[in-house]
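A.B. asks: Provided below for reference: sequence and predicted model.
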Amino acid sequence: MAPKPDSQSVNTATPADASSQFSMDPVFHILKVTPYSFLRPPRLRLKFPSLSLPSPMTVFSLILLTYFMVVSGIVYDVIVEPPGIGSTQDPATGSVRPVVFLPGRVNGQYIIEGLSSGFMFVLGGIGIVLLDLALDKNRARSIKVYYASTGISFIVIAYVMSTLFIRIKIPGYLR
């Protein structure tokens, strides 16, 4: 147990502290007290800003947009600055034709290639979300069938198109 403070030591320290507080320079005292003798602080009625949470759909949209930008290769596009679309010369006719996919390079892409691949990944993700919505017991049967069929078709389209993109990018892949 801690010892109790001695009452004499407390009383002897108080007058010394009190005299040191009031023994300041008179010029400093004038500078400290005089402006506040006629100036009054304004009465502000400030309210704290109320921030409400965003709706779940807003959060989902922002996450989906971020996912699209990441899988599309926006960081790669900003750093490397590839062209939007490529071109090759047709050996038979000599005319220049546009090329969307950068052939033969797995770690390189044109901007349109990245965006189209990212769109297919997002389409597959939305298909999975629609399949999840189709499992809700509180929805009507026709809505559940619509969600399920749309979700399955989105997933199939995304898979087939992504496989096609890989086959265009890397000739002879999966054969």
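C.D. replies: It's in. The structure presented is a predicted model; accordingly, all values stated were derived computationally and were not measured.

A.B. asks: Residue ranges in this structure under the pLDDT threshold?
C.D. replies: Scanning the chain for pLDDT under 70 picks out 1-24, 174.

A.B. asks: run the last query once more with 80
C.D. replies: 1-41, 173-175 (pLDDT under 80).

A.B. asks: Show me the strands in it, by range?
C.D. replies: 86-89, 96-99 (DSSP state E).

A.B. asks: now those as a markdown table including mean neighbour count and distance to residue 28?
C.D. replies: Heads up, the C-betas are built off the backbone N, CA and C, glycines and all. Output for the strands of the chain, formatted as a markdown table (neighbours: other C-beta atoms under 10 Å; distance: least, C-beta to C-beta, whole Å):
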| stretch | mean neighbour count | distance to residue 28 |
| --- | --- | --- |
| strand 86-89 | 11 | 76 |
| strand 96-99 | 12 | 79 |
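
A.B. asks: Make CSV from the ones you listed and add distance to residue 129 to it.
C.D. replies: Putting the strands of the chain into CSV (distance: least, C-beta to C-beta, whole Å) gives the following:
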stretch, distance to residue 129
strand 86-89, 34
strand 96-99, 33
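
A.B. asks: Of these, which is nearest residue 25?
C.D. replies: strand 86-89 (79.2 Å; C-beta to C-beta).

A.B. asks: residue nearest the centroid of this protein?
C.D. replies: With distances taken as C-alpha atoms, centre = their mean, residue 66 lies nearest the centre of the chain, 6.2 Å away.

A.B. asks: what residues are up against residue 112?
C.D. replies: By C-beta atoms under 8 Å, 6 or more residues apart in numbering, the residues touching residue 112 are 84, 85, 100.

A.B. asks: Next, count neighbours for residue 33.
C.D. replies: Residues lying near residue 33 (other C-beta atoms under 10 Å) number 9.

A.B. asks: no, scratch that, I was asking about residue 130
C.D. replies: The number of residues near residue 130, taken as other C-beta under 10 Å, comes to 19.

A.B. asks: how about the nearest residue to it, chain neighbours excluded?
C.D. replies: residue 151 (3.3 Å; C-beta to C-beta, 6 or more residues apart in numbering).

A.B. asks: Does the one you found touch residue 134 like I think?
C.D. replies: Yes - assessed by C-beta atoms under 8 Å, residue 151 is found in contact with residue 134 at 6.3 Å.

A.B. asks: And residue 53, how far from residue 60?
C.D. replies: Counting by C-beta to C-beta, to the nearest Å, the gap from residue 53 to residue 60 is 13 Å.
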